[in-house]
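# I'd like to go over a predicted model; first the sequence, then the structure.
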Amino acid sequence: MKKKIKNIKLNVVSPESTFFSQYVKKIIVSGIEGNLGIYPGHRQLLTFVKPGILYIFMLEKKIEYIYIYSGILEVQPSFINILADNAIISNKINLNTTLKKKYRLENELKKNIISMEEKLKIKKSLSRQLCKIKILEMLKSKIYTKKNF
């Protein structure tokens with residue numbers, strides 16, 4: 001009889017850093033064909049990750065959230081690798097700081113004297129702040145709870 005695996009190693013990395021590397025119960029990630037639920041012992045899979053929330057169901061019956069901009073998902077029976085272009089970790093977001101940055105960037109965009117290149121840079125940064133706010137709103141609404149374990 002085959003031994004059932006109870007947890008799986010998750011690595012979320014980018015070219016610049018490691019965002020997450022721990023054993024987890026399961027994850028839900030946005031794949032190109034929709035949301036994917038990955039459990040220990042999952043069949044091998046290689047696919048693209050769409051921008052969206054990575055739900056990480058921890059061993060301690062809590063849920064972590066990481067916003068993935070895009071990347072590649074590799075699944076093996078005993079580990080998961082997500083090679084992300086970039087990511088935002090939910091527990092490192094400060095709402096007041098994020099809101100201040102958002103308002104500052106919105107005001108910068110209203111100026112007519114900035115170049116197109118500067119506008120694109122500001123819009124990219126503004127998008128990141130909006131993603132952080134979305135993550136915090138989601139955490140507040142608790143989309144996934146302990147009932148989902």
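Structure's in. What do you need?
# Need the residues that contact the biggest strand by length in the chain.
Looking across the chain with DSSP state E, the single longest strand is strand 18-31. By Cβ atoms under 8 Å, 6 or more residues apart in numbering, the surrounding residues in contact with strand 18-31 are 6-13, 35-40, 47-59, 64, 66, 68, 73, 80, 82, 84, 87, 89, 144, 149. Quick note: C-beta positions are derived from backbone N, CA and C, even for glycine.
# and what of stretch 40-50?
Contacts with stretch 40-50, where a contact means Cβ under 8 Å, 6+ apart, come from 4-8, 25-26, 29-33, 36, 38, 68, 70-78, 80, 82, 84.
# Just the buried subset of those residues, please.
Neighbour-count burial (16 or more other Cβ atoms under 10 Å) applied to the contacts of stretch 40-50 gives 7-8, 25-26, 29-31, 36, 38, 68, 70-71, 73, 75, 80, 82, 84.
# tell me which element Ile88 falls in.
Taking DSSP states H and E as the criterion, Ile88 maps to strand 87-89.
# which residues of the chain fall in helices?
95-110, 116-141 (DSSP state H).
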